[in-house]
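Chemist: Test case, fold it:
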Amino acid sequence: MSPNLNGEKDPTDPLIGPRPDWWWTGLRPTEVLHAMPIPNLATCTRHQILDYFDNGWLMTEVLLSALQGERAFLDPPYHQLRHPLIFYLCHPAVLYINKLRLAGLIHESIDPYFEQLFETGVDEMSWDDMSKNEMDWPSVREVVEYRRSTYKIVRELIETLPALEDGHPPITMDNPAWALFLGFEHERIHIETSSVLLQELPLSVLRQPEAWPNLHPSAFAESQTVENELIAVSSKTVTLGKPWEEPCFGWDNEYGSRQVRVRSFQASRYLVTNGEFYEFVIAGGYQEPKYWTEEGWAWKQNRNTKWPTFWVADGPAGLHQYRLRTLFEVVDLPWSWPVAVNWYEAKAYCAWKTEQDNSPIPYRLLTEAEHHCLGGGKEPVNLNLTWGSQTPVNALLPNEAGFYDVFGNVWHWCEDDFNPLEGFRVHRLYDDFSTPCFDGEHKMILGGSFISTGDEATRWARFHFRPHFFQHAGFRLVRSDDGDATCDAVLISSQSSGVKAYEGEKILAENLMLHYGSADEAMPYNFGPKDAVGFPQSIATLTLERAEHLGIKKDRALDVGCSVGGSTFELARGFESVLGIDLSVTFIEAAQTLRREGRLVYRRRDEGENTSEAEVCLPENLDRSRVTFRRADACALPPELVGFDVVLGANLICRLPSPRAFLSRLCGARGLVRSGGLLVLATPFTWDERFTPRDAWLGGHDGKASFATLQAELNRDFELLETQDMPFLIREHARKFQYVITLVSLWKRRDS
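Modeler: Residues are numbered from 1 along each chain as shown. From the prediction side, this is the model:
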């Protein structure tokens, strides 16, 4: 931790105390700020749109004006799982520029370096991801000046765009002006997520801005406990999904529909409170593995967690005396406020409560369909920064069904994995907003929180986070009437999803054989295509030969979609350093084992359920120390990955939820491939909607050829050197094989 974060402040730092004039790039706050409601896209005036933009833009600057000192912006969070806050100061502005350019509303960049560096946020692979975010970030002053330029561009666009003239027809998602509203709503999401990052910082680097709403008065009153109870909800049919004609902005995952017949259940009148969760803590709930999922217990052990993350111990641990950390201060623990926990903690409480009540039917979380059954009318809600905190769960009025806080206060963690509705389709302006997270590793949250604004404060919002993630999120107890513990929850992990297709023993064995099997193992039949064996080594050898021929230095290579590492290890025969990246946990663990031990034993499938043992042994003359493996998403690669001499992407593009997101990362000021470097791509263009939404395919429909699109995407920055066909073979079992011809293309990046 830096000296600054220990409380030593530089009195000459202009970011200590109230913000100087240069900090404010648009309007300046003149009173306490609250969020405006989302505009009606059928009736909004130009003036209303401008006010809405200014409101969100100013909320970002007011919120982050709480940070005291330059270092508070530049130091990463303690868990290393998010960018430092300098990123979130600039990221919304960069997205405005990039999306407005994509929509054709503006044509010029402000700063290409910034527009790549600050383009993609972090969706950490797991709670124990130990990769460090080591970046040289620009200064706060440089970022503020970028924001100033962005503000001017966006404001002028709002003031002059013909599509926003008074009396305009409804602005739909096919209208280029949709990009403006996308920018508005994206910024409002980051206001909420950035507030959580501030709540994780030490108070010594924070100062509550004068324009930020105060805590609810109950934070300073004598705390009262609230008696919770279950309310019966009868069986009913609900329809999920936002109508296409709804006259307000929506993210892609909100559209489509699903009709669900929800069986009768019971749900708690209130969100689970701090007071209720305190009983779980003092009963030793954080010390009992039986209450936790396997992954949840591993997270708890790794973090040595003993109580909710925003509770502050007030005395020795055994006394169980706690206070509550809010955004900008610590207060006595309000028993009646909803507890803020992650999904693992919520599920552990449900298991403990089941045991405590001796309930024959286990308690669980809500499903998405059940949340729709709870109702919600025009009763007051704690949304849109009415207050700067949660409120007591009984502070506002119940809805007609008797439930409190169905919307607002804190989000509801759900049983469901984040999932697409029937009829889902990506939007061309943001084709990787949702699809990378339809992976069975993100849990849904519904209902919004006290700081949710805009689209996220509507009943249509379908938000999602990984289960270890902290957000302003809590939960409500639910119990099925028929004893089904999961009821109508949609679980991607039980479906044939794209990401899950690359986990498990069967797919691991197939890839180990593909990458390391000998000709006799991978194709034991003399009449079979033995030339297709050893594809990873073949394409790596081709890459090395072409790099040598072109005189490209062989210092650093990147293997994206490396699978179990066959091509990565082969590249190490010529490169000083090779990084292999894949999204599959199973593949990366196998590759890391091979790097560490040089051998791996596995079971290959022979017939039906019959298997036999096989072994991978890496050559002894291979320098494994040159190779590193890391789990990462090819559609959202970490920003520190830049300037490789060679980048290989083998059989990757047609297995990505957003091929263009990967392609856009190859070039630019912070491109994966350095100027003059070599790019090698291989793909059979086997498009499959399990992996890539049809609207994101590069071709393969309506007479469109994928390679022609690939050329169009790359031609500005890369010179196509050659193409060739290369076969590869996948052994499924002793008598079944896949024979595939992949198209290999080699490209040289043009000099900047």
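
Chemist: wait, isn't residue 482 in contact with residue 263?
Modeler: Yes - using Cβ atoms under 8 Å, residue 482 is in contact with residue 263, at 5.8 Å. No exception for glycine: its C-beta is placed from N, CA and C like everyone else's.

Chemist: Between those two, which has more neighbouring residues?
Modeler: residue 263 (17 against 10; other Cβ atoms under 10 Å).

Chemist: distance of the more buried one from residue 479?
Modeler: Distance, residue 263 to residue 479, using Cβ to Cβ, to the nearest Å: 12 Å.

Chemist: Kindly report the same for residue 333.
Modeler: Distance from residue 333 to residue 479, by Cβ to Cβ: 27 Å.

Chemist: ditto for residue 226
Modeler: 19 Å.

Chemist: cool, and residue 544?
Modeler: 61 Å.

Chemist: Compare neighbour counts for those two and give me the winner.
Modeler: Neighbours per residue, other Cβ under 10 Å: of residue 544 and residue 479, the larger number sits with residue 479, 22 against 18.

Chemist: and stretch 82-94, average pLDDT?
Modeler: Taken as a whole, stretch 82-94 has a mean pLDDT of 95.

Chemist: quick one: contacts of that stretch?
Modeler: 60, 64, 67, 72-77, 114-115, 118-119, 121-122, 124, 133, 137-138, 140, 143-144, 146-147, 150-151, 183, 186-187, 190, 193-194, 197-198, 639 (Cβ atoms under 8 Å, 6 or more residues apart in numbering).

Chemist: Outline the domain layout of this structure.
Modeler: Structural domains assigned to the chain are 4-205, 250-495, 501-749, following automatic domain parsing.

Chemist: hmm, back to that, what is in contact with residue 263 and residue 479 at once?
Modeler: The contact sets of residue 263 and residue 479 do not overlap (Cβ under 8 Å, 6+ apart).

Chemist: Alpha carbons of the helix or strand that contains residue 680, as CSV, please.
Modeler: Under the criterion of DSSP states H and E, residue 680 resides in strand 673-683. Taking Å, rounded to 0.1, in the frame of the first residue of the first chain, the C-alpha atoms of strand 673-683 are listed here in CSV:
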residue,chain,number,x,y,z
VAL,A,673,0.6,-7.0,-32.5
ARG,A,674,3.4,-4.5,-32.6
SER,A,675,4.1,-2.5,-35.8
GLY,A,676,5.8,-4.8,-38.2
GLY,A,677,4.7,-7.8,-36.2
LEU,A,678,3.2,-11.1,-37.5
LEU,A,679,-0.4,-12.2,-37.0
VAL,A,680,-1.4,-15.8,-37.7
LEU,A,681,-5.1,-16.7,-37.7
ALA,A,682,-6.6,-20.1,-38.4
THR,A,683,-10.3,-20.8,-38.6
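
Chemist: what does that strand contact?
Modeler: Residues from elsewhere that reach strand 673-683 (Cβ under 8 Å, 6+ apart): 539, 542-543, 546-547, 550, 552, 643-654, 666-667, 706, 710, 714, 718, 726, 742-752.

Chemist: What subset of these is buried?
Modeler: The neighbour-count test (16 or more other Cβ atoms under 10 Å) marks 539, 542-543, 546-547, 552, 644-654, 666-667, 706, 710, 714, 718, 726, 742-749 as buried among those.

Chemist: coming back round to it: among the contacts of stretch 82-94, name the buried ones.
Modeler: Judged by 16+ other Cβ under 10 Å, buried ones among those: 60, 64, 67, 72-77, 114-115, 118-119, 122, 124, 133, 137-138, 140, 143-144, 146-147, 150-151, 183, 186-187, 190, 193-194, 197-198, 639.

Chemist: Assign the closest residue to residue 331 other than its chain neighbours to helix, strand or coil.
Modeler: Distances taken as Cβ to Cβ, 6 or more residues apart in numbering put residue 219 closest to residue 331, at 4.6 Å, once the chain neighbours are dropped. What DSSP: H, G, I helix; E, B strand; the rest coil gives for residue 219 is helix.

Chemist: Can you give me the distance of residue 219 to residue 165?
Modeler: Applying Cβ to Cβ, the value for residue 219 to residue 165 is 46 Å.

Chemist: Residue 739: which element?
Modeler: strand 736-749.

Chemist: if we can go back for a sec, show me the buried ones among the contacts of stretch 82-94 that map onto helices.
Modeler: 60, 64, 72-74, 114-115, 140, 143-144, 146-147, 150-151, 183, 186-187, 190, 193-194, 197-198 (DSSP state H).

Chemist: residue contacts, residue 267?
Modeler: Neighbouring residues of residue 267 by Cβ under 8 Å, 6+ apart: 230, 231, 233, 366, 370, 374, 403, 476, 477, 478, 479.

Chemist: CSV for these, including pLDDT and distance to residue 459?
Modeler: Converted to CSV, the contacts of residue 267 look like this (pLDDT from 0 to 100; distance: Cβ to Cβ, whole Å):
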residue, pLDDT, distance to residue 459
230, 98, 23
231, 98, 20
233, 97, 17
366, 97, 14
370, 97, 14
374, 96, 11
403, 97, 14
476, 98, 16
477, 98, 22
478, 97, 19
479, 96, 24
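
Chemist: just the buried members of the residues you listed?
Modeler: Listed as buried from the contacts of residue 267 are 233, 366, 370, 374, 403, 476, 477, 478, 479; burial here means 16+ other Cβ under 10 Å.

Chemist: Now do the strands in the stretch 501-650 of the chain.
Modeler: 556-560, 577-582, 599-607, 610-617, 627-631, 644-650 (DSSP state E, counting those that start in this stretch).

Chemist: So in that sheet, which strands flank the second one, and in what orientation?
Modeler: For strand 577-582, the paired strands and their directions (DSSP bridges) read strand 556-560 (parallel), strand 627-631 (parallel).
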